[in-house]
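K.L.:
what's the 3D shape of this:
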Amino acid sequence: MSVGMGDDMSNDKQTKTYALKKALGFSAVHFVVGTGLAFILTGQWVVALGVALIEPIVNAGIIYGHSRWELRRDQNVGNGRGLVSGGAF
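P.N.:
Just a heads-up that it's a prediction; the model follows:
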């Protein structure tokens, strides 16, 4: 195993950790805002909590995947492996 290979694995773990923290933080804020807004609209805490639980759970998965894709894309561009490499841009 080469030295660079271990570094890639470490970066991948950091990427996953960052993406997970970002998704969880976003979901917590989104849950609070969603619950408050649903309560204002319905006037019922049970309904507000039910509505607010569904959407952030789905959104967390989407944000996690998007964050991982975004970080991999940025790493590829920095390594000269992006779609646009060279001096024009």
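
K.L.:
residue ranges of the helices in this structure, please?
P.N.:
3-42, 45-78 (DSSP state H).

K.L.:
Dump the ones you listed to TSV, plus mean neighbour count.
P.N.:
Backbone N, C-alpha and C define where each C-beta goes, glycine included. Output for those, formatted as TSV (neighbours: other C-beta atoms under 10 Å):
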stretch	mean neighbour count
helix 3-42	13
helix 45-78	14
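
K.L.:
Worst mean pLDDT among the ones you listed?
P.N.:
Ranked by mean pLDDT, the helices of the chain bottom out at helix 3-42, with a mean of 79.

K.L.:
Report the angle between that helix and helix 45-78.
P.N.:
150 degrees (axes from the mean of the first three to the mean of the last three C-alpha atoms, to 10 degrees).

K.L.:
could you say what helices and strands helix 3-42 packs with?
P.N.:
helix 45-78 (3 or more C-beta pairs under 8 Å, 6 or more residues apart in numbering; DSSP states H and E).

K.L.:
Excluding sequence neighbours, find me the nearest residue to residue 39.
P.N.:
residue 48 (3.9 Å; C-beta to C-beta, 6 or more residues apart in numbering).

K.L.:
list the contacts for the one you found?
P.N.:
35-36, 38-39, 42 (C-beta atoms under 8 Å, 6 or more residues apart in numbering).

K.L.:
One more: residue 15?
P.N.:
By C-beta under 8 Å, 6+ apart, the neighbours of residue 15 are 68, 71-72, 75.

K.L.:
What separation do you get for it and residue 22?
P.N.:
11 Å (C-beta to C-beta, to the nearest Å).

K.L.:
swap in residue 45?
P.N.:
28 Å.

K.L.:
And the contacts of residue 15, which is closest to residue 57?
P.N.:
Proximity of the contacts of residue 15 to residue 57 was ranked by C-beta to C-beta; the top entry is residue 68 with 17.7 Å.

K.L.:
Grab the nearest non-local neighbour of the closest one.
P.N.:
Looking at residue 68 with C-beta to C-beta, 6+ apart, the closest residue is residue 19, at 4.6 Å.

K.L.:
So that neighbour is in contact with residue 64, correct?
P.N.:
Yes. Taking contacts as C-beta atoms under 8 Å, residue 19 lies within contact range of residue 64: 5.3 Å.
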